[in-house]
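Participant: predicted model and sequence below, questions to follow.
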Amino acid sequence: MKSLTATPLTIEKIFQEKYIIPEYQRPYSWENEQCETLWSDLISFFDDHYFNITDQTEQYFLGNIVIHPVDDGQFAIIDGQQRLTTLLLLIKALFFNAHTARALER
């Protein structure tokens with residue numbers, strides 16, 4: 001039996017990989033409450049660790065994400081699908097709305 005290993009990764013590294021969601025996984029089901037909790041936690045962390053505290057080396061702990069390698073360098077998401085999907089949606093929303101913020105500055 002193979003052993004499990006834990007490897008801390010940055011969000012940047014996590015989203016450089018290709019993932020599949022196995023058929024046995026439940027569909028995306030987070031409601032506004034769960035998304036707002038994640039967003040509030042992220043904002044609180046960065047407010048505390050990047051704007052008010054001199055030691056900026058502490059990293060945000062997103063939680064465990066369990067993946068398993070499958071064909072063609074892809075990974076099956078075993079646990080963490082809701083968090084990964086929510087973060088991806090957040091990143092895409094920020095990206096697509098970035099031009100709006102720039103237009104307001106002008």
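Facilitator: Cool, got the structure.

Participant: make it CA atoms for all contacts and neighbour counts henceforth
Facilitator: OK.

Participant: who does the top strand by length along the chain pair with, and is each partner parallel or antiparallel?
Facilitator: Ranked by residue count, the top strand of the chain under DSSP state E comes out as strand 74-79. Here strand 74-79 has these sheet partners by DSSP bridges: strand 18-20 (parallel), strand 66-69 (antiparallel).

Participant: helix or strand right after that strand?
Facilitator: helix 81-105 (DSSP states H and E).

Participant: buried residues in that following helix?
Facilitator: Of the residues in helix 81-105, 81, 82, 83, 84, 86, 87 count as buried by neighbour count, 16 or more other Cα atoms under 10 Å.

Participant: equivalent analysis for stretch 58-67, please.
Facilitator: So stretch 58-67, judged by 16+ other Cα under 10 Å, has buried residues 62, 65, 67.

Participant: quick one: which of the strands paired with strand 74-79 is nearest residue 94?
Facilitator: strand 18-20 (20.8 Å; Cα to Cα).

Participant: average pLDDT for that closest one, rounded please.
Facilitator: Strand 18-20 comes out with an average pLDDT of 93.

Participant: what element comes up after it heading to the C-terminus?
Facilitator: Counting by DSSP H and E, what follows strand 18-20 is helix 32-46.

Participant: run through who's touching that next one.
Facilitator: Applying Cα atoms under 8 Å, 6 or more residues apart in numbering, the contact partners of helix 32-46 are 60, 86.

Participant: pLDDT on that helix, on average?
Facilitator: pLDDT averaged over helix 32-46 gives 92.

Participant: any idea how far that helix is from the chain center?
Facilitator: Distance, stretch centre to chain centre, for helix 32-46: 12 Å (Cα atoms, centre = their mean, to the nearest Å).

Participant: next, the angle helix 81-105 makes with it.
Facilitator: Inter-element angle recorded for helix 32-46 and helix 81-105: 70 degrees (by axes from the mean of the first three to the mean of the last three Cα atoms, to 10 degrees).
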